[in-house]
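S.K.: coordinates only, sequence not included:
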């Protein structure tokens, strides 16, 4: 592990706590602050919207000022947004809490670029392992974030969860200290950049491998965010399960999202991108089948574990494939476009999760994920067919 990869991994531990705590608490807080229950998942959805809107911006900013300064500024902005969230809870203002979640999403758009920075820190053939190493930090992040959020929720006695976001503001500022020592990769001079013509977004999409990568990553996140956003509402609000049980399911879900990273990089190298994506789809199908059991702590736990494993295989394979589809000169454009698509779709799925879980049932929201799995399979088949045709010619 080189210095940059180590710093990124350490930063992921603290920076990614914002994602875990937002998924865990913001929907519940939203249901307390808003009298309209269908808007309870608006805060976590606004958070995802913040990511989606800011992806191109994050890539553009770092192409100008470098990854180091971009990451440091994002850490500061994330910490500020947590303080704003704590304040909004204390004054019981739903609108201000949504704004805080949006700013937190903007900071997370930069943090999601950690995986590309990790891939750039090593040779291309080692990119899957570098990405997997980074994602492993999410295990520690999940347990630190959710455990501390639970432990500090009563810190301000008159206002539940204010303490959780005060603690989160401390955790999210930590990457600024680590990434101050991050070393920017030497970039092309401005004159050289102007001489090089990069492909258009249409040309990127026309490349079957790029389309396969972006489809796998996008719909992996769509399905995962859709079901994970609905889980706290379904468990805690609809089925009256305790917050501790709900938090435990989310923790094990996040654990299952990142623990497979111990082997995912090696499996991709051995079996290839497409087979790992098929395996990810298989685990998503298991998640849907488990939803047919009566809603219980165990069924939610097993289902969300399968959901996490499926996400890992699809997302790591998709991201690893993506970095092989563009030139160094195109990286910020391709990465920004990829994340724009990924988190735009994710924002829509997250926004609809609260409405649909309140109108239908846990089984129904699982069944709605099937069309996305079909699209992933079609993109894999198309890319593999094109690859076979090229080899034959």
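M.R.: Structure's in. What do you need? A quick note: this is a predicted structure, and the numbers were derived from the prediction, not measured.
S.K.: wait, doesn't residue 235 sit right on residue 247?
M.R.: No: at 9.7 Å, residue 235 does not count as touching residue 247 under the criterion of C-beta atoms under 8 Å. Placement of C-beta: from N, CA and C, glycine included.
S.K.: between these two, which one's more packed in?
M.R.: residue 235 (24 against 20; other C-beta atoms under 10 Å).
S.K.: spit out the contact partners of that one.
M.R.: 241, 245-246, 249, 295, 300 (C-beta atoms under 8 Å, 6 or more residues apart in numbering).
S.K.: just the buried ones from these?
M.R.: With burial judged by 16 or more other C-beta atoms under 10 Å, the buried subset of the contacts of residue 235 is 241, 246, 249, 295, 300.
S.K.: please name the nearest non-neighbouring residue to residue 165.
M.R.: Nearest residue to residue 165 in three dimensions, chain neighbours excluded: residue 86, at 3.9 Å (C-beta to C-beta, 6 or more residues apart in numbering).
S.K.: what about the one you found, distance to residue 65?
M.R.: 29 Å (C-beta to C-beta, to the nearest Å).
S.K.: without its sequence neighbours, what residue ends up closest to residue 116?
M.R.: Once flanking residues are discounted, residue 116 sits nearest to residue 335: 4.9 Å by C-beta to C-beta, 6+ apart.
S.K.: what about that neighbour, how many residues close to it?
M.R.: Count around residue 335 with other C-beta under 10 Å applied: 27.
S.K.: equivalent analysis for residue 170, please.
M.R.: So residue 170, with other C-beta under 10 Å, has 15 neighbours.
S.K.: do residue 225 as well
M.R.: Counted with other C-beta under 10 Å, residue 225 comes out at 25.
S.K.: which of residue 86 and residue 65 has more neighbours?
M.R.: Using other C-beta under 10 Å as the criterion, residue 86 and residue 65 rank with residue 86 on top: 23 against 13.
S.K.: output the contacts of residue 235 as JSON lines; include the columns pLDDT, secondary structure and distance to residue 307.
M.R.: Compiled in JSON lines, those are given as follows (pLDDT from 0 to 100; DSSP: H, G, I helix; E, B strand; the rest coil; distance: C-beta to C-beta, whole Å):
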{"residue": "241", "pLDDT": "86", "secondary structure": "coil", "distance to residue 307": "17"}
{"residue": "245", "pLDDT": "87", "secondary structure": "helix", "distance to residue 307": "17"}
{"residue": "246", "pLDDT": "86", "secondary structure": "helix", "distance to residue 307": "15"}
{"residue": "249", "pLDDT": "90", "secondary structure": "helix", "distance to residue 307": "10"}
{"residue": "295", "pLDDT": "85", "secondary structure": "coil", "distance to residue 307": "15"}
{"residue": "300", "pLDDT": "94", "secondary structure": "helix", "distance to residue 307": "10"}
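S.K.: just those now: which is nearest residue 3?
M.R.: residue 249 (36.5 Å; C-beta to C-beta).
S.K.: thanks a lot, catch you later.
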